[in-house]
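K.L.:
Sequence first, predicted coordinates after that:
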Amino acid sequence: MDIRIKEFKKIVTSPIIIGLLVLFIVYNSIFIFQNSYFREELRVLTRLVDRFGYEIDDEMLEKYRLYYEEQLVSLNKITKEKTSKNYNSMAEFFADYKYGLEDIYDREELGLIMELGIMEAYYNTIEEIDEVYSSLDIMERAESEINKFQLIDKAAETVRNQYKAFSERFQQLVNNKEHKNLFFLGKVYRLHSILFKSLFKIIIFEIIILVVLITAYIVNYEFDNKTEAITYTTKRGRDLILDKLYVSIFSSLVVTTIILLATLALYFIIFDYSGLWKVPISSYFNTDHNFPYLSWWKMSFVQFLFFTIGLVYSITLLFNGIIFIIARAIKNTYFAFFVFAIIFGLFLILPRLAPNSSNTIFIGAFTPYFLILNPHVWFMEGGAFATFKYHEIVTLVIWALMIWVLSILSIKRFKRQDI
Amino acid sequence: MLIVTNVSKSYGKLSVLENIDIEFSNGVYGLLAPNGAGKTTLIKMLTTLLFPNEGEILYNGTNIFHMGDGYRDILGYLPQEFGYYKNYSARQFLNYLAALKGLERNLAKVRINELLELVGLANVADKKMKKYSGGMVQRVGIAQAMLNDPKILILDEPTAGLDPKERVRFRNLLAELSRDKIVILSTHIVSDIESIANEIIMIKDKKVLYKDSINSICKTLEGMVYETSIDYAQANRFRNHYFSLSEKQEGDKMKIRFISENKLDDSWESVSPNIEDVFLYVYKDEVIKEG
């Protein structure tokens, strides 16, 4: 235990590691603040959900409509007084005022205008749900993905099969009415992209950089400082490498926790999700672009968040193992870092060289390197290469086994190697 | 007892040591050879850093590589290139190594204080090692080697970086420590071991050339070492005929110590050979190359 504490101290006293950790948290905070200009608008939905709940059904819709009309009447009283005009909708109202609202209405009135505008946007979106989902064709999506990557023969067939399986889930999703739940309007705020595509991807890359540095640093500390002859001839001897592995795992989990906690705490302070945690992630409102996010399993937002966090931890451990094996073989921290970067690049490039007619083209998708590129579609329909029901789990299990075996071999080799 | 049996070591195709047989019992052993002769390779095998390609090394009859931590527990080692952590104080550094050596925390504390006192670093024990002179760092190295009160103490070029006063102090320390230990001291500086080594081991052409007491080794040159004074003008011609061991100025003449199988001149004075003479003679090819 004493040895492991002393090894851990080497990490916490490293100015590069601590400096980078602080820098990353500052960067994430800046990123969150830069994207927070609409945070006030989000509160409108929070209030609506407080009043009506998030599940959309006829009863809720009726209440919503009545409330909206009530508010529109209030607005019309004001507009009548100030401009002698009446409006049937906010769209009509905004068509009249491209600029200059602030010159006519006071702050409180402007608040009502904003709120009503947003209410109407949500209402309109509710109205279009059934139409959108009745025209959604999963197999058409499959064909568009096949065309996008010019897949043919077996590769194309695999994509079709996966999407066929996904079609069943899609039907289930529609029957469950998972899509009919209020959530922040994706097409306007793109919060799913901000959180899961951008922020989580940034977090993952930051964690990987730190994990690579920590692991290479601690594994090669003796070789970098030329103390290997002293340390590896002590009673603990080459078993020290095991202590280093455990300490690197522990430290990687600690930095992962610090970055996740600091970043997500700030994110959820800035963006108020209260009342929306249990909304299914496959809600139609959570559509950032043209196609909704459709999960393989019925999952609430908070479940999706925790699964994503869990996957981040798992990926952290995989990269911890990968860099342990590399750093053990290459007895130099910085060189190990570069080799890791090269391997990273190769794993992203090489799969593209596989023939587009063969299933080998999918092998490249089952790597942690591929996985970290698309955290926003984990556990979801994710395009030609990631729409496998157990894509994440299969990748994790295969790589965990490979890394486990290679780590054991690496440690065994180290114990029989000339130093 | 530590026994090296028929040990060979090569790096790829480059053979460094061949069929080495040595036995060590308590006492000081001087491993004497020029740089590159394989001293460090032998030492690294004795410390389990390198694995022999052939043969085995036994401690009390058991292969040291099978003994594992049981062997390393009785081993103290100061390597030739002694690295340290610049931002650690001597005390922190020794504490870290004490943990690796499995010393209980309180015992380590006492032992570290004793050793810091012994190597004369007690007053600077809490200063960062990056502020230390080369000699001070070397003394930390000696202290760490002795932390676990080893039964086998292996020191590779331990006096490198020490000033003459420190060397004397170190030699005395070693003489005192060696009573119940195997001390193996590798050096290419003859004076380091002349006065304290019970036996000298010389390695030449990948093999053990001598492993004997200083007296016995010196006897191999008995009747072959002479001193005489010659004119400076004759120096070159003289060197071409005889192997010069040392030369010094004496008035307007040069006093030369050299090797000759026979006494060819009455003015030559036969002198007792010392270990340095043997070293220079044995390694004359290497010495010439290095020179």
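P.N.:
Great, that's in hand.

K.L.:
is it true that B:Ile230 lies in a strand?
P.N.:
Yes: counting by DSSP: H, G, I helix; E, B strand; the rest coil, one finds B:Ile230 located in a strand.

K.L.:
From B:Glu261, how far off is it?
P.N.:
Noted for B:Ile230: a distance of 19 Å to B:Glu261, by CB to CB, to the nearest Å. For the C-beta atoms, the positions are set from N, CA and C on the backbone; glycine is no exception.

K.L.:
Next: B:Asn35.
P.N.:
29 Å.

K.L.:
Give me the more crowded residue out of the two.
P.N.:
Taking neighbours as other CB atoms under 10 Å in any protein chain shown, B:Asn35 and B:Glu261 compare with B:Asn35 leading, 11 against 8.

K.L.:
what about the nearest residue to that one once chain neighbours are set aside, how many neighbours?
P.N.:
Distances taken as CB to CB, 6 or more residues apart in numbering or on different chains place B:His188 nearest to B:Asn35, at 6.0 Å, with adjacent residues excluded. Under the neighbour criterion other CB under 10 Å, B:His188 is assigned a count of 19.

K.L.:
which ones are touching B:His188?
P.N.:
Counting by CB atoms under 8 Å, 6 or more residues apart in numbering or on different chains, B:His188 touches B:Leu32, B:Ala33, B:Pro34, B:Asn35, B:Lys39, B:Glu157.

K.L.:
Whichever of those end up buried, select them in ChimeraX.
P.N.:
To isolate the buried subset of the contacts of B:His188 in ChimeraX, counting by 16 or more other CB atoms under 10 Å in any protein chain shown, use the following:
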select /B:32,33,34,39,157
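
K.L.:
Chain A: which of the contacts of B:His188 is nearest?
P.N.:
B:Glu157 (12.3 Å; CB to the nearest CB).

K.L.:
Do I have it right that that closest one meets B:Ile193?
P.N.:
No: the pair B:Glu157 / B:Ile193 is not scored as a contact, 11.4 Å apart, by CB atoms under 8 Å.

K.L.:
Chain B against chain A: which residues are in contact?
P.N.:
Applying CB under 8 Å from any CB of the partner chain, one finds that chain B approaches chain A through B:44, B:47-51, B:68-69, B:72-73, B:75, B:77-79, B:81-85, B:87, B:95-97, B:99-102, B:105, B:141, B:144, B:148.

K.L.:
let's see it at 6 Å
P.N.:
Listed as neighbours of chain A in chain B under the rule CB under 6 Å from any CB of the partner chain: B:47, B:49-50, B:69, B:72-73, B:77, B:79, B:81, B:83, B:85, B:96, B:99-102.

K.L.:
so how far is B:Gln80 from B:Leu31?
P.N.:
To B:Gln80, B:Leu31 is 12 Å away according to CB to CB.

K.L.:
er, B:Ser8 actually
P.N.:
Noted for B:Ser8: a distance of 21 Å to B:Gln80, by CB to CB.

K.L.:
Using the three-state scheme, assign B:Tyr77.
P.N.:
Using three-state DSSP, the structure places B:Tyr77 in strand.

K.L.:
which ones are touching it?
P.N.:
Contact analysis of B:Tyr77 by CB atoms under 6 Å, 6 or more residues apart in numbering or on different chains lists A:Thr233, B:Thr47, B:Ala145, B:Ile154.

K.L.:
May I have the beta-bridge partners of it?
P.N.:
Beta bridges link B:Tyr77 to B:Ile154, judged by DSSP bridges.

K.L.:
Does chain B have contacts with stretch A:234-250?
P.N.:
Yes: counting by CB under 6 Å from any CB, contacts between stretch A:234-250 and chain B involve A:Thr234, A:Lys235, A:Arg236, A:Gly237.

K.L.:
Most neighbours among those, which one?
P.N.:
A:Thr234 (28 neighbours).

K.L.:
ok, that residue - contacts?
P.N.:
A:Thr234 sits next to B:Leu100, B:Lys101 when contact means CB under 6 Å, 6+ apart.

K.L.:
Pass me the low-pLDDT residue ranges in the stretch 51-200 of chain B, would you?
P.N.:
Applying pLDDT under 70 to the stretch 51-200 of chain B flags no residue at all.

K.L.:
ok so, going back, got phi/psi on the residue nearest to B:Asn35?
P.N.:
Dihedral pair for B:His188: phi -120, psi 10, per degrees, to the nearest 10.

K.L.:
Of all the residues in chain A, which one is nearest chain B?
P.N.:
For chain A, CB to the nearest CB, closest residue to chain B: A:Lys226, 2.8 Å.

K.L.:
Am I right that that residue sits in a strand?
P.N.:
No: counting by three-state DSSP, one finds A:Lys226 to be coil, located in no strand.

K.L.:
on that earlier part again, mind listing the shared neighbours of B:Glu157 and B:Ile193?
P.N.:
Common neighbours of B:Glu157 and B:Ile193 (CB under 6 Å, 6+ apart) are B:Thr187.

K.L.:
what sits up against the one helix or strand in chain A whose mean pLDDT sits lowest?
P.N.:
Every helix and strand in chain A was compared by mean pLDDT, DSSP states H and E; the lowest is helix A:101-104, with a mean of 78. Contact with helix A:101-104 is made by A:Lys82, as judged by CB under 6 Å, 6+ apart.
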